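Student: requesting a structural model of the entry that follows:
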Amino acid sequence: MAAAVHAVLPFAFQTTASAVVDRLHARIHGPRGVETASDPTGEHLAA
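Tutor: Numbering: from 1, shown residues only. Next up is the predicted model:
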């Protein structure tokens, strides 16, 4: 809804959509900028 209002009134809700995307990304992958440890061989251990 905020993006639709922003389309008509560009000065309104200027950062709302990017904030929502950042929250979704953090929820799925963890916070941006935080690197995860990786296996240098490219193989993953089975749990």
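
Student: next, count neighbours for residue 16.
Tutor: 14 (other Cβ atoms under 10 Å). Where C-beta positions appear, they are placed from N, C-alpha and C, glycine not excepted.

Student: run through the residues that contact it.
Tutor: Shown here is residue 16, whose contacts under the criterion Cβ atoms under 8 Å, 6 or more residues apart in numbering are 2, 3, 6.

Student: skipping adjacent residues, who's closest to the second one in space?
Tutor: In this case it means residue 3. residue 17 (5.1 Å; Cβ to Cβ, 6 or more residues apart in numbering).

Student: tell me which element that neighbour is part of?
Tutor: helix 16-29 (DSSP states H and E).

Student: and for residue 11?
Tutor: Using DSSP H and E, residue 11 falls outside every helix and strand.

Student: any idea how many residues pack against it?
Tutor: 6.

Student: tell me the contacts of it?
Tutor: With contact set as Cβ under 8 Å, 6+ apart, residue 11 has no partners.

Student: what do you get for residue 13?
Tutor: With the criterion set at Cβ under 8 Å, 6+ apart, residue 13 makes contact with 2, 3, 5, 6.

Student: give me the subset of the residues you listed lying in helices.
Tutor: 2, 3, 5, 6 (DSSP state H).

Student: check contacts around residue 20.
Tutor: Counting by Cβ under 8 Å, 6+ apart, residue 20 has no contacts.

Student: quick one on the thing from earlier: using PDB, write down the CA coordinates of the helix holding residue 17.
Tutor: Extracted as PDB, the C-alpha positions of helix 16-29 are listed here (Å, rounded to 0.1, in the frame of the first residue of the first chain):
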ATOM      1  CA  THR A  16       9.300   2.200   3.400                       C
ATOM      2  CA  ALA A  17       9.700  -0.300   0.600                       C
ATOM      3  CA  SER A  18      13.400  -0.700   1.000                       C
ATOM      4  CA  ALA A  19      13.000  -1.100   4.800                       C
ATOM      5  CA  VAL A  20      10.400  -3.900   4.200                       C
ATOM      6  CA  VAL A  21      12.800  -5.600   1.800                       C
ATOM      7  CA  ASP A  22      15.700  -5.300   4.300                       C
ATOM      8  CA  ARG A  23      13.500  -6.900   7.000                       C
ATOM      9  CA  LEU A  24      12.400  -9.700   4.800                       C
ATOM     10  CA  HIS A  25      16.000 -10.400   3.700                       C
ATOM     11  CA  ALA A  26      17.200 -10.400   7.400                       C
ATOM     12  CA  ARG A  27      14.300 -12.800   8.200                       C
ATOM     13  CA  ILE A  28      15.300 -15.200   5.400                       C
ATOM     14  CA  HIS A  29      19.100 -14.900   5.300                       C
END
